[in-house]
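Student: one predicted model, sequence on top.
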Amino acid sequence: MNKNSSKSYYLYFVVIMALLFFTVWIGTWKVRGNNYTRGEFESQLKEDNVAMVTICPNKETPTGSVEITLKSGEEKILYVTDVTEIESFIREYGIDPAVEEVPEESWFLNSVFPILLVTIICVFFFVMFNSQNAANNSNGRMMNFGRSRARLSLGDNKITLDEVAGLKEEKEELEEIVEFLKEPGKFTRVGARIPKGVLLEGAPGTGKTLLAKAIAGEANVPFFSISGSDFVEMFVGVGASRVRDMFAEAKRHAPCIIFIDEIDAVARRRGTGMGGGHDEREQTLNQLLVEMDGFGVNEGIIVLAATNRVDILDPAILRPGRFDRKISVVSPDVGGRKDILKVHAKNKPLAEDVDLEQIAQTTAGFTGADLENLLNEAAINAAMERRVFVKQEDIKKAFIKVGIGAEKKSRVISDKEKKITAYHEAGHAILFHVLPNVGPVYTVSIIPTGIGAAGYTMPLPEKDEMFLTKGKMKEDIMVSLGGRIAEEIIFDDITTGASSDIKKATKVARRMVTRYGMSDNIGVINYDDNDDEVFIGRDLAHAKNHSEIISGEIDKEVKAIIDECYQKAKDIIMEHEGVLHKCAELLLEKERISRAEFEALFQ
Ligand code: ADP
Ligand code: ZN
């Protein structure tokens with residue numbers, strides 16, 4: 001067959017598909033867009049806008065739908081969990097609702113049949129195409145295997161930044177890139193340099209891919225995506241040639257976005273680890289660096305890369321002119337989670353009893369992907385009961401199902417734990433703020449981090465300091481102890497959650513004594529010969545170069561330092577007990593608070 005006839009087949013195919021989808025869409029039309037919440041319905045009743053009400057109870061469950069005709073002629077639907085309750089409720093407003101026995105709809109004809117039809121047609125065309133092209137392709141494939149595997153989507157992915165919920169700061173930071181892709185002239189005219197590469201850092205499922213797609217969608221430019229692991233192949237040199245091809249392809253489509261997922265698979269620190277065998281990865285990484293250095297600053301290609309392990313990346317990729325911009329994509333807080341739920345609930349009709357606010361509150365630590373999964377499971381539950389809308393009960397069931405998976409990652413936390421964590425972090429934060437040589441506090445959060453920490457208090461990035469002073473080291477110890485002290489003051493009991501804090505404090509105190517000669521009784525002698533921490537095993541078999549008596553003295557000094565710091569820290573926290581309560585309450589409400597919000601508590 002020649003090229004033209006296969007093209008006209010293609011056209012037929014598209015038209016038939018379009019028609020089919022249109023019919024299916026019309027069928028579901030009534031379900032979307034015009035469903036009411038209970039509140040909206042009640043206010044219409046109160047304002048006396050309702051002309052007629054028809055209740056359609058379900059056969060198998062007490063649920064049902066209520067068809068509402070307003071006096072303006074508009075028609076709305078409300079999904080209810082209890083039809084008898086809604087009936088008497090409506091009667092209170094003097095309206096006599098009609099009750100309509102819905103004839104059992106043919107489930108097969110309505111949903112399965114169109115899908116079956118579409119599938120059959122798809123398979124038919126697929127088989128036709130393949131038999132046509134098999135002959136041409138079979139010898140083309142071998143030639144192709146070094147080519148880029150990047151998936152390209154041209155303009156047809158219409159994800160916009162609106163569909164990325166929460167992540168406000170992250171979106172703001174990426175705003176200028178969107179502007180640049182839309183209108184490069186605006187920037188080149190004034191000689192502005194736009195970053196070539198942006199590294200998105202964050203746990204899986206926090207929306208990094210989504211964000212990258214949304215930038216492309218918003219700017220309406222092509223989007224190339226590839227995963228770091230696609231580069232790593234058996235044959236040496238294939239990865240490097242894939243990188244080359246991908247950039248060549250991208251240049252042809254500029255302005256565009258290249259998205260590299262899991263960049264850590266190729267960009268791991270070079271020259272580490274045991275044995276050789278890194279040739280392939282290093283070549284690929286080198287090629288990537290060469291390509292990034294190679295294209296001009298404002299050529300219109302922007303490389304976005306995602307990872308959840310910035311720590312293992314080769315520092316070379318973070319140099320200026322490469323990925324010189326780093327954006328942390330964090331797990332959402334309560335507000336963010338509510339927004340994400342709203343986005344994903346858009347095409348799922350919700351019953352009146354669904355409370356997204358409450359769901360947002362009980363899902364601390366869930367990422368965007370987890371929340372999407374939660375609503376999807378709920379929708380599946382609804383479908384299993386042949387309902388066309390989602391009830392709170394479905395979401396509860398889904399929560400148990402996905403929650404068990406999440407629990408393994410120690411995510412679902414009780415209210416009590418949350419409260420303890422809130423006070424714990426507030427304790428750290430107050431000391432950061434009050435003590436002169438540490439802090440200020442950048443963020444305080446009680447969102448579990450997924451690496452075992454229940455929350456964190458983050459100071460601004462530390463300045464590069466040549467020396468640590470004794471005062472600063474003591475303050476570091478006090479800050480570390482602050483969490484434990486706050487727990488003790490408030491709960492009269494202590495938890496095991498502070499163990500890493502205590503370890504950190506002890507380590508600092510021990511160094512002060514044995515390495516820096518900062519204690520009065522031991523004097524200026526180095527008793528610490530554990531300098532190279534690389535050989536962890538060495539510590540065990542290590543012979544001490546000082547006597548047992550000195551060891552005892554060291555321990556005593558360490559304890560004295562810790563005790564002193566403990567008392568001082570406790571005094572400070574007691575003095576600010578009001579702030580401690582306010583801070584913990586705010587944390588419980590918002591889960592993450594910023595520097596400004598925190599500092600306002602001191603007024
Ligand atoms: P990552 O790339 O960080 O692993 P993805 O971008 O692949 O995560 O997210 C997976 C899915 O989770 C998305 O397709 C989307 O449905 C949902 N999701 C994650 N974050 C958000 C968000 N901020 N807003 C809306 N949906 C989100
Ligand atoms: Zn702590």
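Tutor: Sure, I can see it. Ligands and ions are numbered 1, 2, ... in the order given.

Student: closest point of the stretch 501-603 of the chain to ligand 2, which residue?
Tutor: Asp501 (4.2 Å; C-beta to the ion). C-beta: built from backbone N, CA, C; applies to glycine.

Student: neighbours around that residue, how many?
Tutor: For Asp501, the tally of surrounding residues (other C-beta atoms under 10 Å) stands at 19.

Student: wait, doesn't it sit right on Leu481?
Tutor: Yes: with contacts counted by C-beta atoms under 8 Å, Asp501 reaches Leu481, the gap being 6.7 Å.

Student: just checking, which helix or strand of this structure averages the lowest pLDDT?
Tutor: Least confident element among the helices and strands of the chain, by mean pLDDT, DSSP states H and E: helix 140-143 (a mean of 36).

Student: all the strands of this structure, residue numbers only.
Tutor: 35-36, 50-57, 64-70, 75-80, 98-99, 151-153, 197-201, 223-227, 256-261, 301-307, 325-328, 441-445, 456-459, 592-594 (DSSP state E).

Student: out of those strands, flag the one nearest ligand 1.
Tutor: When the strands of the chain are compared by C-beta to the nearest ligand atom, strand 301-307 sits nearest ligand 1, at 5.5 Å.

Student: and the residue in the stretch 201-350 of the chain that ligand 1 sits nearest to, how close does it get to Ile395?
Tutor: Across the stretch 201-350 of the chain, no residue is closer to ligand 1 than Gly207, which sits at 2.7 Å (C-beta to the nearest ligand atom). Distance, Gly207 to Ile395, by C-beta to C-beta, to the nearest Å: 21 Å.

Student: with mean neighbour count added, can I get the strands of the chain in a markdown table?
Tutor: Shown next, in a markdown table, are these (neighbours: other C-beta atoms under 10 Å):
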| stretch | mean neighbour count |
| --- | --- |
| strand 35-36 | 18 |
| strand 50-57 | 17 |
| strand 64-70 | 20 |
| strand 75-80 | 20 |
| strand 98-99 | 11 |
| strand 151-153 | 14 |
| strand 197-201 | 23 |
| strand 223-227 | 22 |
| strand 256-261 | 24 |
| strand 301-307 | 25 |
| strand 325-328 | 15 |
| strand 441-445 | 21 |
| strand 456-459 | 18 |
| strand 592-594 | 20 |
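
Student: worst mean pLDDT among those?
Tutor: Among the strands of the chain, strand 151-153 has the lowest mean pLDDT, at a mean of 67.

Student: how about the contacts made by the closest residue to the residue of the stretch 501-603 of the chain closest to ligand 2 other than its chain neighbours?
Tutor: The shortest distance from Asp501 to any non-neighbouring residue, by C-beta to C-beta, 6 or more residues apart in numbering, is to Ser480 (4.6 Å). Residues in contact with Ser480 (C-beta atoms under 8 Å, 6 or more residues apart in numbering) are His428, Asp501, Ile502, Lys504, Ala505, Val508.

Student: if we can go back for a sec, for ligand 2, which of the strands of the chain is the nearest?
Tutor: Between the strands of the chain, strand 456-459 lies closest to ligand 2; by C-beta to the ion that is 7.3 Å.

Student: let's see the pLDDT reported for whichever residue of the stretch 451-600 of the chain sits closest to ligand 2.
Tutor: Closest residue of the stretch 451-600 of the chain to ligand 2, C-beta to the ion: Gly483 (3.4 Å). If you check Gly483, the pLDDT there is 92.

Student: and it, how many neighbours?
Tutor: For Gly483, using other C-beta under 10 Å, the count is 28.

Student: grab the nearest non-local neighbour of it.
Tutor: His424 (4.0 Å).

Student: now do the same contact list for that neighbour.
Tutor: Going by C-beta under 8 Å, 6+ apart, the list of residues near His424 reads Ala454, Gly455, Gly483, Arg484, Ala486, Glu487, Gly497, Ala498.

Student: how much space separates it from ligand 2?
Tutor: 6 Å (C-beta to the ion, to the nearest Å).

Student: next: Ala422.
Tutor: Taking C-beta to the ion, one finds Ala422 at 12 Å from ligand 2.

Student: tally of neighbours for that residue?
Tutor: The burial count for Ala422: 26, using other C-beta under 10 Å.

Student: near ligand 2, which residues of this structure?
Tutor: Counting by C-beta under 5 Å from the ion, the chain comes close to ligand 2 at Gly483, Asp501.

Student: pick out the residue nearest the middle of the chain.
Tutor: By C-alpha atoms, centre = their mean, the chain has its centre lying nearest to Thr206, at 1.4 Å.

Student: show the contacting residues for the residue in the chain positioned nearest to ligand 1.
Tutor: At 2.0 Å from ligand 1, Gly368 is the closest residue in the chain, using C-beta to the nearest ligand atom. Contact analysis of Gly368 by C-beta under 8 Å, 6+ apart lists Ala165, Gly166, Gly205, Thr206, Gly207, Leu210, Pro332, Ile340.

Student: try 10 Å this time
Tutor: 164-167, 205-208, 210-211, 329, 331-332, 336-337, 339-341, 343-344 (C-beta atoms under 10 Å, 6 or more residues apart in numbering).

Student: dihedrals phi and psi, the closest residue to Asn308 other than its chain neighbours?
Tutor: Distances taken as C-beta to C-beta, 6+ apart put Ala203 closest to Asn308, at 5.4 Å, once the chain neighbours are dropped. Note on Ala203: its backbone torsions stand at phi -60, psi 160 [degrees, to the nearest 10].

Student: burial count for Ala505?
Tutor: With other C-beta under 10 Å as criterion, Ala505 counts 25.

Student: now the nearest residue to it once chain neighbours are set aside: how far from Lys504?
Tutor: Leaving out its chain neighbours, the residue that sits closest to Ala505 by C-beta to C-beta, 6+ apart is Ser480, at 4.1 Å. For Ser480, the distance to Lys504 equals 5 Å [C-beta to C-beta].

Student: Asn347 now?
Tutor: For Asn347, the distance to Lys504 - C-beta to C-beta - is 48 Å.

Student: neighbour-wise, which of the two wins?
Tutor: Set Asn347 next to Lys504 and count neighbours by other C-beta under 10 Å: Lys504 wins out with 15 against 12.

Student: which residues sit in contact with the more buried one?
Tutor: Asp476, Ile477, Val479, Ser480, Leu481.

Student: quick one: pLDDT of it?
Tutor: 88.

Student: one more: Lys59?
Tutor: 74.

Student: that one reaches Arg386, doesn't it?
Tutor: Yes: in this structure, Lys59 is within contact of Arg386 by C-beta atoms under 10 Å, at 9.1 Å.

Student: neighbour count winner among the two?
Tutor: For Lys59 versus Arg386, neighbours defined as other C-beta under 10 Å are more numerous around Arg386 (13 against 9).

Student: circling back: which residue is the nearest non-sequential neighbour of the residue of the stretch 201-350 of the chain closest to ligand 1?
Tutor: Gly368 (4.5 Å).

Student: give me the number of residues near the residue nearest to Asn308?
Tutor: 17.

Student: correct me if wrong: it contacts Val330.
Tutor: Yes: Ala203 is within contact range of Val330, at 8.3 Å (criterion: C-beta under 10 Å).

Student: still on that earlier bit, where's the residue of the stretch 501-603 of the chain closest to ligand 2 relative to Ser414, distance?
Tutor: From Asp501 to Ser414 the distance is 21 Å (C-beta to C-beta).

Student: same question, Tyr423
Tutor: Counting by C-beta to C-beta - Tyr423 and Ser414 are separated by 15 Å.

Student: neighbour count: those two, which is higher?
Tutor: Using other C-beta under 10 Å, the more surrounded residue of Tyr423 and Ser414 is Tyr423, with 24 against 8.

Student: wait, the more buried one touches Lys582, no?
Tutor: No: using C-beta under 10 Å, Tyr423 makes no contact with Lys582, being 11.4 Å away.

Student: look up the closest residue to Ile302, ignoring the ones flanking it.
Tutor: Once flanking residues are discounted, Ile302 sits nearest to Ile257: 5.4 Å by C-beta to C-beta, 6+ apart.
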